[in-house]
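*Asks:* return atomic coordinates for the entry below.
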Amino acid sequence: MKRTLSLVIVSAVVVLYLALLACSSAPRSKSQTEERRASVRAMASETLAQLYKGNPAARDAVASSVGYAVFSDFGIKLSFFGGAGGSGVAIDNATKQKTFMKMAEFQPGLGLGAEKFRVVFIFDTRAAFNTFVTSGWELGANVMAAAKTKTVGGGAAGAMTVSEGVKMYQLNEEGLIVGVSITGAKYYRDDKLN
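*Replies:* From the prediction side, this is the model:
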């Protein structure tokens, strides 16, 4: 009984946190919308600079790809549940069109703490990129388990293959490439910024 009550309370805290995070990032006016877009673009530029500093060959992998996406996420873990939320932008290398997106993640499992991290996706196929920006995308635990067994060499060294034609880097706040740990994540268009 006591354990069930604790789980319910922790679940409620995680859901409330994610709801507040979603509300806090919702722009209210045209100027706030443009400020939010500028903030996401600046985060993407800073993240790519950090990635290139730690892995110079990644610059060629991004430049030669069909497109790429950059996300900044903040996660919290309390007892058996956790979650993360964030925003990002996907960029088509052929047209330079930017699609602003959101991310939400549910992290079951034991833990406690908070972390900020950034993610860079590289899309090698048009189909993978188009699906990502038009239909959204889910990254489940089974995908991540497969990804941990497939490291990439060449220009994308340090990246993990997470899907057919899709590689991913995960960086911490300092810009260091860290092991891929995202599970239960959903990426989708941000209708308020597009």
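*Asks:* against Ala159, how distant is the closest residue to Phe123 other than its chain neighbours?
*Replies:* Distances taken as Cβ to Cβ, 6 or more residues apart in numbering place Phe129 nearest to Phe123, at 3.9 Å, with adjacent residues excluded. C-betas here are computed from N, CA, C, even on glycine. For Phe129, the distance to Ala159 equals 16 Å [Cβ to Cβ, to the nearest Å].
*Asks:* tell me the pLDDT of the residue nearest to Phe123.
*Replies:* pLDDT, Phe129: 97.
*Asks:* that one: which element?
*Replies:* helix 126-135 (DSSP states H and E).
*Asks:* now do Arg118
*Replies:* Here Arg118 is assigned to strand 111-123, by DSSP H and E.
*Asks:* got the residue ranges for the helices in this protein?
*Replies:* Taking DSSP state H as the test, the helices found in the chain are 2-24, 30-54, 58-63, 126-135, 141-147.
*Asks:* looking at those helices, which one has the lowest mean pLDDT?
*Replies:* Among the helices of the chain, helix 141-147 carries the lowest mean pLDDT (a mean of 44).
*Asks:* one step back: which helices and strands sit right next to the helix holding Phe129?
*Replies:* strand 67-79, strand 81-92, strand 111-123, strand 185-189 (3 or more Cβ pairs under 8 Å, 6 or more residues apart in numbering; DSSP states H and E).
*Asks:* for the shortest one, packing partners?
*Replies:* Packing contacts for strand 185-189, counted by 3+ Cβ pairs under 8 Å, 6+ apart, involve strand 98-106, helix 126-135, strand 137-139.
*Asks:* for it, buried residues please.
*Replies:* Ala185, Tyr187, Arg189 (16 or more other Cβ atoms under 10 Å).
*Asks:* per-residue pLDDT of the nearest residue to the second one once chain neighbours are set aside, please?
*Replies:* Looking back up the chat, that one is Tyr187. Spatial nearest neighbour of Tyr187, excluding adjacent residues (Cβ to Cβ, 6+ apart): Trp137 at 4.6 Å. Model confidence at Trp137, given as pLDDT, is 78.
*Asks:* what's the neighbour count on Trp137?
*Replies:* 22 (other Cβ atoms under 10 Å).
*Asks:* now swap in Leu51 and tell me
*Replies:* The number of residues near Leu51, taken as other Cβ under 10 Å, comes to 23.
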